[in-house]
Each structure stands twice: as structure tokens, then as C-alpha cells.
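[1] What would the 3D arrangement of this be:
(2 chains)
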Protein chains: 2
Amino acid sequence: MSVLVVGSTALDSIKTPWRENPRLLGGSASHAAVAASFFGPVRLVGVVGDDFPRRYLSLFERRGIDLEGLERAAGKTFHWSGEYEVNMNRRRTLKTELGVFETFRPTLPQAWRRTPYVLLANIAPELQHHVLDQMVRPRWVIADTMDLWLNIALKPLIRLLRRIDALVLNDGEARQLTGEDNVLVALRKIHHLGPRFVMVKKGEHGAIVSGPDGLFLAPAFPLDRLVDPTGAGDSFVGGLIGYLASQQGSIRRNLRRAVVHGSVVAAFCCEGFGLTRTVKSSMDEIRFRVRALEKMTGF
Amino acid sequence: MSVLVVGSTALDSIKTPWRENPRLLGGSASHAAVAASFFGPVRLVGVVGDDFPRRYLSLFERRGIDLEGLERAAGKTFHWSGEYEVNMNRRRTLKTELGVFETFRPTLPQAWRRTPYVLLANIAPELQHHVLDQMVRPRWVIADTMDLWLNIALKPLIRLLRRIDALVLNDGEARQLTGEDNVLVALRKIHHLGPRFVMVKKGEHGAIVSGPDGLFLAPAFPLDRLVDPTGAGDSFVGGLIGYLASQQGSIRRNLRRAVVHGSVVAAFCCEGFGLTRTVKSSMDEIRFRVRALEKMTGF
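    Numbering: from 1, shown residues only, chains lettered A, B, ... in the order given. Prediction:
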């Protein structure tokens, strides 16, 4: 079944102490759509400017990502630039130029409104609402967010929580949203706000997933070299929903393996700048790492 | 089979923003011995002063911990006092009074020298050597350490690594010992220094165990209330070796479940001040939490 992904499509310029990488393909929707595309058809809702490289459109197309909902507007593509410190633990934003994203207000193609799986990747909660308003009885909706929206758009975000099946956020954001240091207490508070499934990402420490079948302590795939974690969270949730949409049977039954598949795709993302390593991965490699994680976690 | 534990036996005074807890039973050997005693007989090597409360000796005895190697010296028991901040993430040492521990140089009871399982809990590496020198062909030796010894006794610690089967340390200490930020690279470097098994503790994020059967990503039992993490690391390694010594079959086969049992005992430790919660736990509770962790990690 298809997955609809809405979020940002951007150009990312990423500096590390060793390298500069100008105008990589980036943005929450780009990472999530590419991650989901390993498993099945993806519909991408976003906007790019007239400076958006043709080769990135081809990349999406080669992966079977439908671009009918990708608006091409006059102006500049959303451009983010940031810099990593030596140990890769801290990222500093150097510049954020919204460009055509500033006035983005997508209208979904008619045929896309009944897409069963919906990923509201990290964008302004108002835009997430706007897309959800156009959907007709989706089977499963997951939303991602970030600290920025907790700071400047908390109310629409809280309203969104009543409309979605699952929320993904990182541990710091869970603390900020609930005022709770303890992750289990924070999870309970977030469930009360609406979502049946809540997933707290902890980077290299994996994720904690809370749902009707209790907790799932999901592993992260251990890497001996971290190149660029930008987009790892988006890849996680993209891989997760892509896998879910590709499987028969109930979501509850498939969710844990979906999370592990998301985790594996996120690890690929971290092994290269932007999407460079992810797009070189294969389903065989993904399956191999999922099996490796099974071996590394069984007792 | 028996486990020999050597380390510190102390009185801990622990302040939190809400409570003062003077002169709790503490020290690396106390926590480790109590944790190991859930699974079988334990021999405790340590020293206490004449101020050591009789009730703590009774506590050890009631748990079947043999005290023949616990020296009672004239003077004061090792006393540590510390303070936690509001979020329990940072601990500050207020006072360390070594007392009788300053001149501690244990001579093991003759009958104890052939104990098959040896835990060199966190004490000065020179003392760990001194105890190991007295052991006759132990089956399995695991050592714990701390940042202090990396700072002031690195050479004897490095020498120790060639004499032990397994090393336990936390992620910060692994970084300090190897100069490596990446935990997988750090693990490889530590293996090169000697131990066949290396276990990196990550607190609430579990542990990474590296050995001849590859990596094991061990979960921590999630807690909704952290009362006092003092001694959690000691409980982890104590529970681990206690479980190992209680099982038939090869160490390689039993190690993962041993780690999980250690992790569960460590979680009990965190739920009360000092050893107060640990000593109220039962084997049934431990088994229940191990099963719960199986359910929380399977996929």
C-alpha cells in the first residue's frame, strides 16, 4: 500500500571539521520518502524552487517516489546550512533560508486523498493539520516534530496529537513537551494527549516505543563510524511507515519489526552525508542488518 | 559454585534535594555481594572499622554471604558522602574518608583461594592485583573500575587487563581509557589490551557487551522512578557473576542471560536508597522482570 509523506524538501549544506558538503538533497520529507521507498510506493508532498537540481528529481523518480504532489515554485528552495563539531555530538545551524517554503500550502492531488498510510514529517504543525484536513479516512497517521514547534507552535501541535495514531519525538522533546525527566512518565502523559503509539528516539541508544502492547525497547544499529546524522530521525520514521505499509496483517503485529527496519535505515543515513549512503543501500543490506540486530539483542 | 567478591565496604551518606540518608550500607563490594547472593554462595573480602553497624553484618549473614574474609579493624569504616541534583543526573562527592580502608591489604582465607568465580569490584587496581595474586586458577575473573583509577593508577590497571577474563566500565571510562568516542572502536581497543569480554555500561540505556560471540545490546529495565543510582554498576556486575556461577554449561552460553539478570538487579538498586530496595527483592521478582525484558525486546 502507498505512503503519503509531507514535509520539507530542502538543500542542506553541511560542514564538518574535515569537509564541506554544499547543497545536498535534504529536508524531512526527502529523507523520509527515500527511506520509505525501499519498501513500496511513496507519494511526496512538498515544494521546491527553480534552483532545485534536476538530478534530485531524477533520484526521487528512480526510487518510484511519485512527485505529482511536489510543487515547483518560482524562487529558491529551502536551504539549511549547519556545522558539526569534532565529536559530531553537537550541530550548529549557520543559516536557514525558507525560500519557497515560506508560503507553502499544499493542495493534494485528488487521487492521493485516500492514501492509507500518512507520514506528517517534521514541518509546522499548522501545515500538518492542513494536509490531514485533506485526507479521507487514512488507515494510520504518524507525525514527527521538533523542539522549534514546541517553542513556537505548541497549541496547534497539541491539537494535532488528538488526530494522529502515532507521535515520534526525541527524548529531549519528550521532556520539553511534558515537563517530565522520566521517559516512562513522559510517555504516559503523551498518550493522554492523544496518540495510541508514542516513540521516543534516543539516537545511538535506540528508541522506546509505547503502545497497546506495552513497551518495546528498540535497538539502534551500532556503527563504528558516524559521518552525518542529519536526517536520521526522518529516515527512521520513513523506514518505519514504509515497512508497515508493505506488510499484511495488523499494525500492532507488524509495528516492532517496522521500528527495527526504520532503525536500520536510519543507521545507513548516518554513514554518509545527506542521502548519499542511504541511496546506495539495498533491501538485502537492510535485511542483513535486521537479522544482525536480532542476533545482537536475543538472550 | 561460589563467587569471591573483593571491593570496598563502606558507609554512604547520600543527600538528595528531598532527603538525607546517613550511613547507609554501601561500597562496591557490599552492593556486588548482595546482588550476587540472590543466585548462590558469596565470599566477601573487605574491611570495616569498629563503627560498622552490627545490623549490616547480620544483613550479609542472612543472605548467606560468608564473612570470613571481612577484616574488622580498629578505626573508622570507609565513609563516602555525596549529593544528587534535582534531576538525579549529577552526583557530587562531598566527602571521602578512607578510614581503615587506607591500609587495607587483604590476605584471603586459605580455603577461598580456589573460588572459581572472582569479582574484582571497584577498588585500586593494585589491590585487585593483590587479591588475584592469591587466587589459584580461577575459572572466570571479572573486574570493574572507575575514572579515578584511570586518572591515578592507569599503569597497574592496564597490567590488570591482561590477567582478567572480563572488564566492566561505563561509556565515559571507555572513552577515557582508549581516547575513542566511538564505542565499537573503543571496545576493539580494549580487547587488544587483554580481556575477552568487555562490557560498557550506559546507565538507563543498558549495556553493550562484546565477546567471542559478537555484540550483545543489553537492555536496562525501564523505571518510572529513580531514587538513588549509587551502587547500580556494582549491583549489575554482582548479579551478572552470581547468575553465571549458578548456571550449568559454558560461560559463553550463559553470559547474555547473566548480563540481563545483572541489569535487573541494578534496576532494583536504583529504586531505593543504598541497598534498601535490593534486599527487599526476591528471585520471583527478578525472574518476572527478566521475562518482562524478554517481552520488551523481542521483535
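[2] How is the nearest residue to A:L167 once chain neighbours are set aside assigned, secondary-structure-wise?
    Excluding the flanking residues, the one nearest A:L167 by C-beta to C-beta, 6 or more residues apart in numbering or on different chains is A:P195, at 4.4 Å. Every residue, glycine included, has its C-beta placed from N, CA and C. Following DSSP: H, G, I helix; E, B strand; the rest coil, the label given to A:P195 is coil.
[3] A:P195 contacts A:I158, doesn't it?
    No - with contacts counted by C-beta atoms under 8 Å, A:P195 stays clear of A:I158, the gap being 11.4 Å.
[4] ok, the two, which is more surrounded?
    A:P195 (23 against 14; other C-beta atoms under 10 Å in any protein chain shown).
[5] which residues touch the more buried one?
    By C-beta atoms under 8 Å, 6 or more residues apart in numbering or on different chains, the contact set of A:P195 is A:L161, A:I164, A:D165, A:A166, A:L167.
[6] ok, now which ones touch the residue of the stretch 51-200 of chain A found nearest chain B?
    At 4.1 Å from chain B, A:L184 is the closest residue in the stretch 51-200 of chain A, using C-beta to the nearest C-beta. Contacts for A:L184 were tallied using C-beta under 8 Å, 6+ apart; they are A:L215, B:P222, B:L223, B:D224.
[7] element containing the second one?
    No secondary structure element spans B:P222, as it lies outside all helices and strands (assigned by DSSP states H and E).
[8] sorry, back to before: inside strands: which ones of the contacts of A:P195?
    A:A166, A:L167 (DSSP state E).
[9] isn't A:L132 right next to A:L120, touching?
    Yes - the pair A:L132 / A:L120 is scored as a contact, 6.8 Å apart, by C-beta under 8 Å.
[10] Which one's more surrounded, the two?
    More crowded of A:L132 and A:L120, by other C-beta under 10 Å: A:L120, with 31 against 17.
[11] Might you report the residue contacts of that one?
    So A:L120 contacts A:V6, A:G7, A:Q128, A:V131, A:L132, A:V141, A:I142, A:A143, A:D144, A:L160, A:I164 (C-beta under 8 Å, 6+ apart).
[12] how about whichever strand or helix holds the fourth one: buried residues?
    Yep, that's A:V131 we're talking about. In the assignment (DSSP H and E), A:V131 maps to helix A:125-134. Buried residues in helix A:125-134, counted by 16 or more other C-beta atoms under 10 Å in any protein chain shown: A:P125, A:L127, A:Q128, A:H130, A:V131, A:L132, A:Q134.
[13] Next: stretch A:5-17.
    Neighbour counts over stretch A:5-17 (16+ other C-beta under 10 Å) mark A:V5, A:V6, A:G7, A:S8, A:T9, A:A10, A:L11, A:D12, A:S13, A:I14, A:T16 as buried.
[14] end to end, how far does it reach?
    33 Å (C-alpha to C-alpha, to the nearest Å).
[15] before we move on, what SS does the closest residue to A:I286 other than its chain neighbours have?
    Distances taken as C-beta to C-beta, 6+ apart put A:V264 closest to A:I286, at 5.4 Å, once the chain neighbours are dropped. Per three-state DSSP, the local secondary structure of A:V264 is helix.
[16] Wait, A:V118 touches A:S2, no?
    No - A:V118 is beyond contact range of A:S2, at 9.8 Å (criterion: C-beta under 8 Å).
[17] Look at those two and report which has more neighbours.
    Neighbour count, other C-beta under 10 Å: between A:V118 and A:S2, A:V118 has more, with 27 against 16.
[18] For the helix or strand harbouring that one, list the C-alpha coordinates in PDB.
    Using DSSP H and E, A:V118 falls within strand A:117-120. Output in PDB follows, covering the C-alpha atoms of strand A:117-120 (Å, rounded to 0.1, in the frame of the first residue of the first chain):
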ATOM      1  CA  TYR A 117      -0.500   5.500   5.400                       C
ATOM      2  CA  VAL A 118       0.300   9.100   6.200                       C
ATOM      3  CA  LEU A 119       3.600  10.500   7.400                       C
ATOM      4  CA  LEU A 120       3.500  14.000   8.600                       C
END
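[19] low-scoring stretches of the stretch 51-200 of chain A, by residue?
    A:88-89 (pLDDT under 70).
[20] Around chain B, pick out the residues from it.
    Residues of the stretch 51-200 of chain A that fall close to chain B, judged by C-beta under 8 Å from any C-beta of the partner chain: A:N87, A:M88, A:D181, A:N182, A:V183, A:L184, A:V185.
[21] Cheers, nothing more for now.
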